[in-house]
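# got a sequence here, can you model it:
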Amino acid sequence: MAEVVIVENAEAAGALVAAEIVGLIDARPDAVLGLATGSTPLPVYQALRTRLAGRDVSRVRGFALDEYVGLDPAHPESYRSVITRDVVEPLGLDPRRIHVPDGAQETIRHAGSDYEAAIDAAGGVDLQILGIGTDGHIGFNEPGSSFASRTRVKTLTAQTREDNARFFDSIDDVPMHCITQGLGTILRARHLVLLAFGEGKAQAVADAVEGPLSAILPGSAIQLHPHATVVVDEAAASRLALSDYYRYTFANKPSWQGI
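Sure thing, here's the model as predicted:
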């Protein structure tokens with residue numbers, strides 16, 4: 001079972017996870033981070049701005065979860081641009097060490113295997129940050145994704161394109177395809193940290209942590225991981241059957257264990 005940590009709010013979650021990442025970087029200056037985009041991980045990145053100040057992060061490496069296919073990397077809504085804007089520049093990371101899947105049409109047929117090879121060459125991801133969708137998706141692994149899947153091209157669902165249309169001029173500008181790390185790729189990271197905030201994520205969190213293991217809910221794949229931490233606010237924890245147990249165990253765990 002994943003460790004579930006229930007905190008007061010997203011800011012507290014960001015501080016908790018940022019402390020874990022700083023400890024990782026202190027122990028391993030060339031640590032490999034798995035970087036998620038979207039609003040959910042922003043409290044972590046914001047907390048890291050302060051906590052990493054004055055530290056040498058020039059050797060830190062990172063791998064983004066996904067990218068749109070056929071979208072110019074310079075487009076403001078490409079995940080290359082988002083990672084640069086939200087993570088690389090604010091934290092002072094070396095952009096040459098931060099990788100995003102290649103969504104170029106010319107090389108898309110082998111972009112997945114290329115990305116897998118790059119992760120392997122880096123020695124694997126030390127800590128993977130994840131969010132979860134209301135339908136249980138992680139990365140662009142929509143319901144029905146294989147737990148053994150690797151980085152590959154996926155067709156975005158109509159709902160996902162509609163949800164993401166707010167970032168574009170119109171839904172017609174939202175790419176039809178993406179390239180995403182697979183569930184199998186994500187599960188190879190040494191530590192998974194899944195964050196969720198708000199009542200709208202409560203059912204997905206409960207299903208992922210306490211429900212049956214099922215491809216219909218990709219987030220349930222975290223149950224297969226030996227070191228998975230789920231950090232949620234009170235609202236996102238509201239449908240957890242064992243919430244009192246999670247609070248008790250976290251309050252009484254040895255401080256040296258971290259998360």
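# tell me the contacts of T229?
Neighbouring residues of T229 by Cβ atoms under 8 Å, 6 or more residues apart in numbering: 2-5, 191-194, 259. Where C-beta positions appear, they are placed from N, C-alpha and C, glycine not excepted.
# whoops, I mixed them up, H75
Under the criterion of Cβ under 8 Å, 6+ apart, the contact partners of H75 comprise S81.
# wait, is it part of a strand?
No: counting by DSSP: H, G, I helix; E, B strand; the rest coil, one finds H75 to be coil, located in no strand.
# can I get the contacts of T229 in TSV with distance to A74?
Shown next, in TSV, are those (distance: Cβ to Cβ, whole Å):
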residue	distance to A74
A2	38
E3	40
V4	40
V5	38
H191	32
L192	31
V193	30
L194	30
I259	36
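# looking at the residues you listed, which one is closest to D135?
The shortest gap between D135 and any of the contacts of T229 belongs to L194, at 14.8 Å (Cβ to Cβ).
# what does that closest one show for phi and psi?
Dihedral angles of L194 (phi, psi; degrees, to the nearest 10) stand at phi -100, psi 130.
# was I right to think it contacts I222?
Yes: counting by Cβ atoms under 8 Å, a contact exists between L194 and I222, whose distance comes to 6.1 Å.
# do a quick rundown of the helices in this structure.
Remark: helices of the chain, listed N- to C-terminal, are 10-27, 42-51, 79-83, 89-91, 108-121, 158-164, 183-187, 202-210, 243-252; assignment by DSSP state H.
# lowest-confidence helix or strand of this protein?
Comparing helices and strands within the chain by mean pLDDT, DSSP states H and E singles out helix 158-164 as the least confident, with a mean of 87.
# any idea how far it is from the middle of the chain?
Helix 158-164 sits 19 Å away from the centroid of its parent chain (Cα atoms, centre = their mean, to the nearest Å).
# do the same with stretch 5-19
Here stretch 5-19 shows a centroid-to-chain-centroid distance of 15 Å under the convention Cα atoms, centre = their mean.
# equivalent analysis for stretch 126-136, please.
A distance of 4 Å separates the C-alpha centroid of stretch 126-136 from that of its chain, computed with Cα atoms, centre = their mean.
# next, the buried residues of that stretch.
Taking 16 or more other Cβ atoms under 10 Å as the neighbour-count basis, stretch 126-136 is seen to contain the buried residues 126-133, 135-136.
# quick check, nearest of those to S243?
For the buried residues of stretch 126-136, the minimum distance to S243 (Cβ to Cβ) is 17.0 Å, reached by I132.
# so that closest one makes contact with L217?
No: with contact taken as Cβ under 8 Å, I132 and L217 are classed as non-touching, separated by 9.3 Å.
# now list whatever residues contact both of those two.
Common neighbours of I132 and L217, counting by Cβ under 8 Å, 6+ apart, are 204, 208.
# dump stretch 58-70 to PDB, restricted to CA.
What follows is stretch 58-70, C-alpha atoms only, in PDB (Å, rounded to 0.1, in the frame of the first residue of the first chain):
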ATOM      1  CA  SER A  58      23.900  22.500 -12.000                       C
ATOM      2  CA  ARG A  59      24.100  18.700 -12.100                       C
ATOM      3  CA  VAL A  60      20.400  17.900 -11.400                       C
ATOM      4  CA  ARG A  61      18.700  16.100 -14.300                       C
ATOM      5  CA  GLY A  62      15.100  15.800 -15.200                       C
ATOM      6  CA  PHE A  63      12.600  14.000 -17.400                       C
ATOM      7  CA  ALA A  64       9.100  15.300 -18.200                       C
ATOM      8  CA  LEU A  65       6.200  13.000 -18.400                       C
ATOM      9  CA  ASP A  66       4.800  13.900 -21.800                       C
ATOM     10  CA  GLU A  67       4.600  16.200 -24.800                       C
ATOM     11  CA  TYR A  68       2.200  17.000 -27.600                       C
ATOM     12  CA  VAL A  69       2.900  15.600 -31.000                       C
ATOM     13  CA  GLY A  70       3.400  18.100 -33.800                       C
END
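# and it, average pLDDT?
Stretch 58-70 shows a mean pLDDT of 98 in the predicted model.
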